[in-house]
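A.B. asks: A predicted structure for the sequence below; I have some questions about it.
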Amino acid sequence: MRRPWLLLVFLVTASGLAWLWLDPSDLRLRIDPRSREVALILPREAQGLRTSAAVLRALAELAPPEQREALRAGLARATSEKAERATVGFIPGQPAELSENPPEVSIGGKVIPGLARVQLRGVPHGYLLVHAAPANALLETAARRRWLGRALIEAGAQAETATIAVGETDDGAFLVATIAFAYRTGDEAEAALACLTEKQGDFDALGFAARPGTDRITRQTKLLVIRLDIETGLVLQALQRR
């Protein structure tokens, strides 16, 4: 039986919520603050990874159809030239704003919660960080493109923001991604976790693990953190069909 490609291994990790004891400074990017979704790319880290080219091509799906090829070309150039970093801001109704090697700013720009820094460092060879506020437009695109399973889309439906970090294992066998949903209240976060666990069905077959205490941590932090390990072959098969 064919399993949804993004639910091959699906973990809700309590360990990721060790962020509670960290207090990283906010990430302030030189991007138009009206951007609904923003992306931070580390092209040097992406070099040589099996999935990075396909994932960055897919990133352009957040832009209007007429802008996607130009954005893909810009992202490919930034990667081939090994820029230290690149940023993209997606402003509704306007062209996506791609910038190579932009400095962080102390005032102005787009502010991303500092925990995103920890999230990106938490995946092996992390090369892409996407932050969406509000989360709903990103989830709509993910559902339409079948990037995420229905249960995960439903669990994130009430989230205020979504932050995704993407990397790859040392041996190139798996793409590794973490998704952090932030909710208004601890009750909403715990309800989302409960919804997710109820929808999974056969936990063993899906590789799902809700560790003891995850519900309490979720309530306390208002965060639901999910880790996905997906075989790179499945990632390439799914994204190269687009």
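C.D. replies: Right, received. Where do you want to start?
A.B. asks: Correct me if wrong, but residue 93 is in a strand.
C.D. replies: No. The secondary structure assignment for residue 93 gives coil rather than a strand, going by DSSP: H, G, I helix; E, B strand; the rest coil.
A.B. asks: Residue 142 belongs to a strand, doesn't it?
C.D. replies: No. The secondary structure assignment for residue 142 gives helix rather than a strand, going by three-state DSSP.
A.B. asks: Any figure for the gap between the spatially closest residue to it that is not a sequence neighbour and residue 226?
C.D. replies: Distances taken as CB to CB, 6 or more residues apart in numbering place residue 148 nearest to residue 142, at 4.4 Å, with adjacent residues excluded. From N, CA and C alone the C-beta is placed, and that goes for glycine too. Taken as CB to CB, to the nearest Å, the spacing of residue 148 relative to residue 226 amounts to 10 Å.
A.B. asks: And for residue 95?
C.D. replies: When distances are taken as CB to CB, residue 95 and residue 226 turn out to be 31 Å apart.
A.B. asks: Those two: which is more packed in?
C.D. replies: Neighbour tally, residue 95 and residue 226, criterion other CB atoms under 10 Å: the higher count belongs to residue 226, 22 against 14.
A.B. asks: ok so that one is a strand residue?
C.D. replies: Yes. Under the criterion used here (three-state DSSP), residue 226 sits inside a strand.
A.B. asks: Could you find the closest non-adjacent residue to it?
C.D. replies: Nearest-residue entry for residue 226: residue 179, 4.8 Å, with adjacent residues in sequence omitted and distances by CB to CB, 6+ apart.
A.B. asks: Can you list the low-confidence ranges for the protein?
C.D. replies: 1-24, 106, 199-217, 241-242 (pLDDT under 70).
A.B. asks: so where do the strands sit in it?
C.D. replies: When assigned using DSSP state E, the strands of the chain occupy the ranges 10-12, 27-29, 37-41, 86-90, 97-100, 110-112, 128-132, 161-168, 174-182, 209-210, 223-231.
A.B. asks: Quick check: which of these is nearest to residue 63?
C.D. replies: Among the strands of the chain, strand 86-90 comes nearest to residue 63, with 6.2 Å by CB to CB.
A.B. asks: Dump the closest one to CSV, keeping only the CA atoms.
C.D. replies: Taking C-alpha atoms only, strand 86-90 is exported to CSV below (Å, rounded to 0.1, in the frame of the first residue of the first chain):
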residue,chain,number,x,y,z
ALA,A,86,19.7,34.7,0.3
THR,A,87,16.3,35.8,1.4
VAL,A,88,12.9,35.9,-0.3
GLY,A,89,9.9,37.9,0.8
PHE,A,90,6.5,36.9,-0.6
